[in-house]
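# what's the 3D shape of this:
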Amino acid sequence: MNLLSLKKSRITTIVICLLIISSISVAFKLSHVNFTEPPISEDTYVYILAAFSIINGDFSQPDTKPLGWSILLSPFYLFDDSADLLHYVNIARILSIAVSTITILPMYILARRFFDEKYSLVASCLFAFEPHLINNSTLGLSEPLFILAIILTTVFILQKNHGWYFYMSFLLAGMTWWIRVNGFITLVILSIIFFIVYKSNSKNFAKYLLCIAVFVLVASPMLIQKYDQFDDPLYFAISNNYFIGDDIRHFALNTKHIEYSASDYIQDNGIIGFLERFGLTGLGSMASTLLKMLFPYLIVLVPFGILFSLRSFAQDKDYIKSIWVLMLITLGSVVMQFSIVADMRFIYHIFPFLIILSTITIHRVVKYGLSTFSFSDKQKNFFLVSIICVVIILSATFTLKADTPDKLLNQERIEFSKILTQKFNGKMIGVGDSIRLLTYTQLQDSPNLFKEFKTSEYDFVVGQQSNIFEHGTERIVLYAESVEELIQIGKEYDLKYIAINENANTEKIVRYPYLTNLYDEGENYSFLTKILDTEEIGFKKFKVKVFEINYDKFITNET
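Residues are numbered from 1 along each chain as shown. Next up is the predicted model:
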């Protein structure tokens, strides 16, 4: 009876601790989001439109975004009559914050595969207060759901004492493919982990084949839909020209239909050139991104965790091997993506496993000490509490500084987008952060359009171009290597305007490097006429100029 009471008391204490951790995490997230303004991440609108497409009975697959997150959103939109797009954006935000917060419990359960209750709570803290994840959870994107699914697949596969949990792992792995395109790599990871944890024999091989069947069964509706739409169950919008090696050419109207394979690149540049472009470049970009991801506190803990994990004696060695398999294959699978675009979101789902490595550092130092010192029980508890306090302080400081929304800047972005929709009519190229919220403004002004949206009726890529707006400003992307070439191509595609931000050359991705001087020198081009300057109409922070192209003058100059 005393043992039972003690066990209940421990469970109660753990539950209370997790609730406190979750509450602080939610407070950080809510302090980082302004529900009166739209997010600047335009991917949010792709998911929202896809959710309305589902509500309207159209389950067509968007070109670049699987339907998993949108399927989860759709029931929350089904019985809502609001005509305000921001209302639906905020539902997505709240739901992603909720999913991210709920994931703290699975993170604790995952950590319990490696540590006792005390250190598992520390791992939960490291996860709950991670600033990058806090910021991402407020954008209404798919990453929180994907991270939850990845953690759960790992929790179920790392359970030697239950002979059926691995089936759940492969089932959830099929769901990860519904959430993000790179979810398919989970099958490869789980296949290796399965034989590490459960060993290779004829009986387990039969079970493994059944696991594969479960995975395929879950993913099959998506694969069938893609086959019906694109004649390819593995279709992805940029797959035909991926090895062209340039992000803008994947989406540009004049180059997106070009087919260019790995063999084409090797034929043009040689195998060494291929390895340098898609190997070394990607590795360097990934290393730089990982370094940024580890700030502010994992940067200290992860390196030691890597060393301690290589000679682990307190954790199950098969489980440690599994963590390494998961991280290495995950990172290896996106090296090529990083050679083209360095986006942290590609690898956010390795955070839980970086946190496991970090907790190994804390566990080794606090519980077992080093050769020069060791802690008493009282000192251990004090040290752990101190670590949690430092993590909270660093997280709060970093969260407030990193990507904090600028209210005035966002207001001016929206005001500029309204001016474009009301006073301009024609196709426009945006250079730098110039027309980021144009899609939001257009959708906000067209409630019937977004509420009746069907994916199959539109060629729609948010942030690139769209044919859903029949009138007003239409954003497009074109590929060229000089101003003159852009104007020549622009005439063919009815390009009318170029908008450029003052800070265009400081963007993470500079898609039009030959236009970055246009803000200061655009009026020197006789075929460009400045028709709008936000600084001249009183904008304080959002400084953008819009130029109209005069093709007659361009032709005259050419001749």
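# May I have stretch 339-358 exported as PDB, CA atoms only?
The C-alpha trace of stretch 339-358 is given here as PDB (Å, rounded to 0.1, in the frame of the first residue of the first chain):
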ATOM      1  CA  SER A 339      22.700  23.200 -51.400                       C
ATOM      2  CA  ILE A 340      19.800  25.200 -52.900                       C
ATOM      3  CA  VAL A 341      18.000  26.700 -50.000                       C
ATOM      4  CA  ALA A 342      19.200  26.800 -46.400                       C
ATOM      5  CA  ASP A 343      16.000  26.700 -44.400                       C
ATOM      6  CA  MET A 344      16.000  25.600 -40.700                       C
ATOM      7  CA  ARG A 345      12.500  24.300 -41.100                       C
ATOM      8  CA  PHE A 346      13.800  21.400 -43.200                       C
ATOM      9  CA  ILE A 347      15.500  19.900 -40.000                       C
ATOM     10  CA  TYR A 348      13.400  21.200 -37.100                       C
ATOM     11  CA  HIS A 349      12.300  17.700 -36.400                       C
ATOM     12  CA  ILE A 350      15.800  16.700 -35.200                       C
ATOM     13  CA  PHE A 351      15.500  19.000 -32.300                       C
ATOM     14  CA  PRO A 352      14.100  16.300 -30.000                       C
ATOM     15  CA  PHE A 353      17.100  14.100 -30.600                       C
ATOM     16  CA  LEU A 354      19.600  17.000 -30.200                       C
ATOM     17  CA  ILE A 355      17.900  17.500 -26.900                       C
ATOM     18  CA  ILE A 356      18.400  13.800 -26.000                       C
ATOM     19  CA  LEU A 357      22.100  14.300 -26.600                       C
ATOM     20  CA  SER A 358      22.100  17.500 -24.600                       C
END
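# Check which residues of it are buried.
For stretch 339-358, the neighbour count (16 or more other C-beta atoms under 10 Å) marks 339-340, 342, 345-358 as buried. Bear in mind the C-beta positions are built from the backbone N, C-alpha and C, glycine included.
# What's the mean pLDDT across that stretch?
Per-residue pLDDT values over stretch 339-358 give a mean of 95.
# what's the spacing between F346 and L400?
Relative to L400, F346 is positioned 25 Å away (criterion: C-beta to C-beta, to the nearest Å).
# Going along the chain, name the strands of this structure.
Using DSSP state E, the strands of the chain run over 426-431, 460-461, 465-466, 473-475, 495-501, 528-533, 544-549.
# And for the longest one, what's in contact with it?
So that's strand 495-501. Strand 495-501 is contacted from outside by 420, 424, 426-435, 473, 476, 478, 486-487, 489, 507, 515-516, 518-519, 522, 528, 531, 542-549, using C-beta atoms under 8 Å, 6 or more residues apart in numbering.
# change it to 7 Å
With C-beta atoms under 7 Å, 6 or more residues apart in numbering as the test, strand 495-501 has contacts from 424, 426-435, 476, 478, 515, 518-519, 543-549.
# what distance separates it from the centre of its chain?
28 Å (C-alpha atoms, centre = their mean, to the nearest Å).
# Neighbouring strands - and their directions - for that strand?
Here strand 495-501 is paired, per DSSP bridges, with strand 426-431 (parallel), strand 544-549 (antiparallel).
# Using CSV, lay out those strands together with mean pLDDT and distance to S169.
Converted to CSV, the strands paired with strand 495-501 look like this (pLDDT from 0 to 100; distance: least, C-beta to C-beta, whole Å):
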stretch, mean pLDDT, distance to S169
strand 426-431, 92, 43
strand 544-549, 97, 49
